[in-house]
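Participant: Quick check, what structure comes out for this input:
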Amino acid sequence: MNKMERLKKDLTKEVTVINELGLHARPAAMIAKLAMRAESGVWLIKNGEEVDATSIIDILSLSGARDSRITLRIENPSDTEILEKISALFETGFKE
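Facilitator: Sure thing, here's the model as predicted:
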């Protein structure tokens, strides 16, 4: 893996929606709140559709039902902590 491929891999993370109700308004708000703290763009990608993670409406438009696979993407390596925190929300089922 060359340096560019490694950097690209470091800026993305695959997650699965595990909570029963999927990405409804409360989880979308939790994601957006964290994404707004990032220095650069934070994106959610599902089935090729990429949306702005700071927008609750955009997140809801993904129709992230339970068991959906979503890719999280950050533009700036300095936002890795934000990427990890959003990933942790998915891993804990948004504490629902």
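
Participant: and the gap between residue 40 and residue 79?
Facilitator: Distance, residue 40 to residue 79, using C-beta to C-beta, to the nearest Å: 6 Å. Yep, even glycine has a C-beta here, placed from its N, CA and C like the rest.

Participant: ok, the two, which is more surrounded?
Facilitator: Set residue 40 next to residue 79 and count neighbours by other C-beta atoms under 10 Å: residue 79 wins out with 21 against 12.

Participant: Could you list which residues are in contact with the residue nearest the centre of the chain?
Facilitator: Against the mean C-alpha coordinate of the chain, by C-alpha atoms, centre = their mean, the closest residue is residue 72 at 3.8 Å. Going by C-beta atoms under 8 Å, 6 or more residues apart in numbering, residue 72 touches 12-15, 42-45, 53, 83, 86-87.

Participant: Just the buried residues from those, in PyMOL please.
Facilitator: To isolate the buried members of the contacts of residue 72 in PyMOL, using 16 or more other C-beta atoms under 10 Å:
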select buried, resi 13+15+42+43+44+45+53+83+86
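
Participant: Give me the subset of the contacts of residue 72 lying in helices.
Facilitator: 83, 86-87 (DSSP state H).

Participant: Low-confidence ranges, this structure, go.
Facilitator: For the chain, the stretches with pLDDT under 70 are 1-9.

Participant: let's go with 90 and repeat that
Facilitator: 1-10, 96 (pLDDT under 90).

Participant: all strands for this structure, in order.
Facilitator: With DSSP state E, the ranges of strands along the chain come out as 12-16, 42-46, 49-52, 69-74.

Participant: Stretch 30-39: end-to-end distance?
Facilitator: 17 Å (C-alpha to C-alpha, to the nearest Å).

Participant: Please point out which parts of it sit buried.
Facilitator: 30-32, 34-35, 38.

Participant: can you tell me which two in these are farthest apart?
Facilitator: Across these, no pair lies farther apart than 30 and 38, at 14.2 Å, counting by C-beta to C-beta.

Participant: show me the contacts for residue 86.
Facilitator: Per C-beta under 8 Å, 6+ apart, neighbours of residue 86: 31, 34-35, 42, 53, 72.
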